[in-house]
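Student: Show me the folded form of this:
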Amino acid sequence: MTTTTLAVLVPLLPFLGAAAGLLFGRTAPGFVRPLAVLPTLTALVLAVLVAVRQGGEQAVDAATELTPTGSVPIELALHIDGFAALVAVLVGLVASCVQIYSTGYLRDDPRYPSYAALVSLFTSAMLLVVYSGDLIVLLVGWEIMGICSYFLVGHYWETPEARAASIKAFLVTKLGDVPFLIGLFALATDAGSFRITKVLGTVASGGLDHPTLIALLLLAGVAGKSAQFPLHTWLPDAMAGPTPVSALIHAATMVAAGVYFIARLLPVFQASSAAMVVLAVMAAVTMAGSGLAALAQDDIKRVLAYSTIGQLGYMTGALAVGDRGAAVFHLLSHGAFKALLFLAAGVIIHASGTNSLAAMSRMKDLRTRVPDAYWTMTVALLALTAIPPFSGFFSKEAVLGAAEHVATGHTEHAPGAAGWIVLVAGLVSAVLTAAYATRLWLLAFRGRGVEAPDHGRQPLTMTVVLWVLAVPSLAFGLAYGPLPDWFDGRDLTPVLTTSVLGTGLALVGVIVTYGAWKHTSAMAAQVPMGAVAAHPDADAGLVEAEAIASHAPAYGDVAYTPDPADPGRLLLGPLHRHAAVGFHLDAVYTALFVRPVQAGATLVRFLDREVVDTYVRGAGALPRWLGEAVRRAQTGNLQTYVSALLAGTVVLVVAALLVATGA
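Tutor: Prediction:
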């Protein structure tokens, strides 16, 4: 079987599994789990074979014209280079783990058949984006992921949070997709083709007429899909969906699609220095802002959501300094340990007895109750913190090293300003990442909250997956030696300067957070849980605001109150209340966009009902009144008719005489 045939089967198999699951999920429930797991696992095996055959050598290209268009052709095309081959393996691995994990996590969910089919369709769409060599076909996968995310985030549609989150995710990403679509058409117009290879050839020959405009339009779509500032606000709210969906979205699909798209078309963005600086600023604001917000969240999944936003900022930062090898290296590394973090969080949530949310301030004695989640999440948090030799150290160091090379003028792949922006923001984010990761670990596994009821041992399918993902979280970073074969020959060896700086700052973040936790724990030991308002640092208004902002659940009859031992409150100080609500961006967008649109809609409705409808009603009323008058005149009385005739005759005679006299 040729490599091209194998590559076609990789996205096709999950699609067929999704179609079969939607058709037969209700009528043949015994086939639901095999239809969910087996096609995705087979796609993973085939993706590995494609990667082995591609071997980081010449890209695999194949195309056939989809339909004559009369102008710019649209083709079913494959373009599989080293990046595509490895990213497809990541997608297949995470999707397979999510499907296996979900068989246990959602074993009693009545909507599991549709859920599993949508996860398979989601996987197929991302694989289509990865392998596609035509921008229109890529757009198809891009949009299918958007609608799948809408349904999956809103899986628990009985809850208002899930309904609102699904609508928000759909609308915010669509807000970016509109300029993205315009940018794609502008790019194809300049290049004369939607084929990625022809577009890149046009860029290389200097044939792109509007590089800055096209790059900025495309960046809007990337910001929406990859949750980058200012279109990142949908991702934390999307945590209202099932936890395995969060793992899939954050680790290997949707949010990774934007980063992958820029990596695929990086020369287009490099053709505009202004676009590269904008990308660098976007990455820097995203990294710093998300780190501060993560440090103030109470729900464990919202912490991880803001963490994903920040790590995607690292990837876009690497792209802003012109190093797609470092960006995709961190994408692959992050995909493994972030999937592990979310799935481990799912075990914790499952043990806590809730569907999708868990407040860290309410956790207690979880180390002994969920040992698999404890050890594997510790590995994943160390990778997230970028402590050597865990995978995150090597991939994050590749980003910082690339930024340092550009900042010091050792390469001309990007403006020097972009290098300095990404380097400084990356180092600041290293401290923040270590701080919120340490805080998560302390509150989740050494917290003093209220012990939730024991819901029994976790299904084996959930715990086995954690250990599978722990392997790449620990060891994948060591693959930086052979990876350059797939990464355009880019050397990913850690640089001494940024390695020492990054690791040192991460350790500072760990130590300071641990010290703050010890200090607040000593103070909190004198304050019983439930009496937080008596604590000198407590603020009743803030307690209520944070409870709403973090969607924190209650355990039984115990109402939510923030843990006074939370080190985030001490570290952030007055900034905490603002970071807890995402620096009020939702309120800003509500004031700038939502309310004006609602006011405009109210005005249009008023004009439609009171003005337009008035004319319509008037146009119908006049004939009705005339008809009523004529109807009343038809009495059937002969004397009345004769009298009216004589009166009319008299009027006509008088009128004629007046006219004659006047003449």
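Student: what's the nearest residue to residue 242 if we skip its chain neighbours?
Tutor: Closest residue to residue 242 apart from its sequence neighbours, by CB to CB, 6 or more residues apart in numbering: residue 155 at 5.3 Å. C-beta: built from backbone N, CA, C; applies to glycine.
Student: so the one you found, which of the three states?
Tutor: On the three-state scheme (DSSP: H, G, I helix; E, B strand; the rest coil), residue 155 is labelled coil.
Student: Make sure residue 494 is indeed in a helix.
Tutor: No - according to three-state DSSP, residue 494 belongs to no helix; its state is coil.
Student: Tell me who's in contact with the residue lying closest to it once chain neighbours are set aside.
Tutor: The shortest distance from residue 494 to any residue that is not its chain neighbour, by CB to CB, 6+ apart, is 4.5 Å, and that residue is residue 397. Residues near residue 397 by CB atoms under 8 Å, 6 or more residues apart in numbering: 386, 494-495, 498-499, 502.
Student: change it to 7 Å
Tutor: If a contact means CB atoms under 7 Å, 6 or more residues apart in numbering, then residue 397 has 494-495, 498-499, 502 as its contacts.
Student: one step back: how much space separates the residue nearest to residue 242 from residue 161?
Tutor: Using CB to CB, to the nearest Å, one gets 12 Å for the distance from residue 155 to residue 161.
Student: Comparing these two, which residue is more hemmed in?
Tutor: With neighbours defined as other CB atoms under 10 Å, residue 155 and residue 161 compare such that residue 155 has more, 23 against 16.
Student: Now do that one, the pLDDT please.
Tutor: If you check residue 155, the pLDDT there is 92.
Student: Serialize the contacts of residue 397 to a markdown table and add fields for neighbour count.
Tutor: Formatted as a markdown table, the entries for the contacts of residue 397 read as follows, by neighbours: other CB atoms under 10 Å:
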| residue | neighbour count |
| --- | --- |
| 494 | 20 |
| 495 | 17 |
| 498 | 23 |
| 499 | 19 |
| 502 | 28 |
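Student: Roughly how far does the residue of the chain most remote from its centre sit from residue 76?
Tutor: Taking CA atoms, centre = their mean, the residue of the chain most remote from its mean C-alpha position is residue 661, at 90.3 Å. According to CB to CB, residue 661 stands 91 Å off from residue 76.
Student: So which residues of the stretch 301-450 of the chain form strands?
Tutor: Listed in chain order, the strands found in the stretch 301-450 of the chain under DSSP state E, counting those that start in this stretch amount to none.
Student: just for it, where's the confidence low?
Tutor: With pLDDT under 70 as the threshold, the stretch 301-450 of the chain has low-confidence stretches at 352-357, 365, 449-450.
Student: Helices of that one, start to end?
Tutor: Listed from the start of the chain, the stretch 301-450 of the chain has helices (DSSP state H, counting those that start in this stretch) covering 324-352, 366-369, 371-385, 391-407, 416-445.
Student: Any chance of the backbone angles for the closest residue in space to residue 516 that isn't next to it in sequence?
Tutor: The shortest distance from residue 516 to any residue other than its chain neighbours is 3.6 Å, reached at residue 567 (CB to CB, 6+ apart). Residue 567 has phi and psi values of phi -70, psi -20 when expressed as degrees, to the nearest 10.
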